[in-house]
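J.: sequence first, then the predicted structure, then my questions.
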Amino acid sequence: MGTAGWIVVGAAALAVIAVVVAVAVLLLGSGGSRGQAPGPEQVRRGEEIYQASCASCHGARGEGDPNWRTRNADGSFKSPPHDNSGHTWHHGDGQLFNIVKHGGQGYAGPGLASRMPGFGEQLSDQEIRAVIAFLKSFWGAEERRYQAEVSRSDPLP
């Protein structure tokens, strides 16, 4: 094969690699550092942090409180699930990051209360990103695609 042939083969290989990377980013969302797809180590670290800091309210597998749509006496809602049955995947990465860091009250809406505390004093920004990467492991492909699209206009800080 001549030089021109090798150039065509190389260009085709690069195109295939670009498609594979684009699909991976689309399916995994932007749970990594500032738009990069999370790696397995980040997801594993996120799981450790989630189990230590979040599972007591949201469940070990993100199942939340069974009656999460029912209000508590103070007007707040019970802990929502983070799996496909909940609404976590409806929010962009930026909003998820800010809720974990600063608490949920700022996002509760008029007349609503949130018991979600902020973890900005306990967790670093990198650890919060890892938790978000882990949360994405609870979602199906459609939820991840939707959430990745929402995150384009609301990325991780």
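T.: Cool, got the structure.
J.: I'd like the average pLDDT over stretch 55-62.
T.: Mean per-residue pLDDT for stretch 55-62: 96.
J.: residues contacting that stretch, please?
T.: 51, 64, 65, 79, 80, 81, 82, 83, 86, 88, 135, 138 (CB atoms under 8 Å, 6 or more residues apart in numbering). C-betas here are computed from N, CA, C, even on glycine.
J.: after the one helix or strand residue 50 maps to, next one along is what?
T.: Residue 50 belongs to helix 40-53 when assigned by DSSP states H and E. As assigned by DSSP H and E, the chain's next helix or strand after helix 40-53 is helix 55-58.
J.: would you put the C-alpha positions of that following helix in CSV?
T.: The C-alpha trace of helix 55-58 is given here as CSV (Å, rounded to 0.1, in the frame of the first residue of the first chain):
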residue,chain,number,x,y,z
ALA,A,55,-26.8,6.6,51.6
SER,A,56,-28.2,7.1,55.1
CYS,A,57,-30.9,9.3,53.5
HIS,A,58,-31.0,8.4,49.9
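J.: look up phi and psi at the residue nearest the centre of the chain.
T.: When CA atoms, centre = their mean is applied to the chain, the residue found nearest the centroid is residue 132 (3.7 Å). Dihedral pair for residue 132: phi -60, psi -40, per degrees, to the nearest 10.
J.: list the contacts for it?
T.: 31, 46, 93, 96, 97, 100, 156.
J.: please name the nearest non-neighbouring residue to the second one.
T.: If I follow you right, that is residue 46. Once flanking residues are discounted, residue 46 sits nearest to residue 134: 3.0 Å by CB to CB, 6 or more residues apart in numbering.
J.: so who does that neighbour touch?
T.: 31, 43, 46, 47, 49, 50.
J.: and those residues, which of them are buried?
T.: 31, 43, 46, 47, 49, 50 (16 or more other CB atoms under 10 Å).
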